[in-house]
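Participant: Take this sequence and fold it.
(chains A, B and C)
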Amino acid sequence: MAVWLMKSEPDEFSINDLKHRQRENWDGVRNFQARNFMRDMRIGDTVLFYHSSCKVPAIVGLAQVSKEAHPDPSCWNPESSYYDPKSTPEAPRWDQIEVTFASILKKPLTLTLLKSIPELAGFPLITKGSRLSVMPVEENYWQVIKDKLGDI
DNA sequence: GCCAACGTTGGC
DNA sequence: GCCAACGTTGGC
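Facilitator: Sure, this is the predicted structure:
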């Protein structure tokens, strides 16, 4: 079973929003690398929910993949901020997955903390300039992070 | 196929 | 709000 990390701006969609809704389509991903990672996701995979572009960037909760990749209709909607005229229903370019809420961490794992852990050097989230919004969490990194999750 | 220009991400 | 880093676009 794989583990992934997904970024969301809490002003747009936070872990609390996910808790209230329980399930949510993860749409709007408009980066090929991130999309390809989503295509590798399988039902039941663990997702680390990360708050980005906010006061305290951090892993704030856990979720599970509950639907595998399928076309993201927001790219066909001219009203949507995710609209992409290059994607058509005949030739879908972008995919979404669905995640289901699992838990909110009692203590978020802040980016500052994660950066201070030597074993996490090389983890894409903390390498300089990395802007990937969806990334795999390799087994060795997952073991380290899991240790820091505490009581969930 | 190169690369400059541009837009976006996201930490600070 | 700034700006470094990166991805994408489009002219050539």
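Participant: so where's the longest strand in chain A?
Facilitator: Scanning chain A for the strand with the most residues, using DSSP state E, yields strand A:95-110.
Participant: Mind giving me the packing neighbours of that strand?
Facilitator: Applying 3 or more CB pairs under 8 Å, 6 or more residues apart in numbering; DSSP states H and E, we find strand A:95-110 packed against helix A:15-21, strand A:23-26, helix A:32-39, strand A:46-51, strand A:58-71, helix A:139-149. In this view, the C-beta of every residue, glycine as well, is placed from N, C-alpha and C.
Participant: just these: most buried one?
Facilitator: When the helices and strands packed on strand A:95-110 are scored by mean count of other CB atoms under 10 Å, the highest mean neighbour count falls to strand A:46-51 (a mean of 23).
Participant: In chain A, which residue sits furthest out from the middle?
Facilitator: The centre of chain A is farthest from one residue, A:Glu90, which by CA atoms, centre = their mean lies 27.0 Å away.
Participant: Same list (the helices and strands packed on strand A:95-110) but as TSV, adding mean pLDDT.
Facilitator: Listed next are these as TSV, based on pLDDT from 0 to 100:
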stretch	mean pLDDT
helix A:15-21	97
strand A:23-26	96
helix A:32-39	94
strand A:46-51	97
strand A:58-71	96
helix A:139-149	94
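Participant: quick one: which of the ones you listed is nearest A:Leu120?
Facilitator: With CB to CB, the closest approach to A:Leu120 among these belongs to helix A:139-149: 5.9 Å.
Participant: if I pick the nearest residue to A:Ser52 once chain neighbours are set aside, what's in contact with it?
Facilitator: The shortest distance from A:Ser52 to any non-neighbouring residue, by CB to CB, 6 or more residues apart in numbering, is to A:Lys7 (4.2 Å). A:Lys7 sits next to A:Tyr50, A:His51, A:Ser52, A:Ser133, A:Val134 when contact means CB atoms under 8 Å, 6 or more residues apart in numbering.
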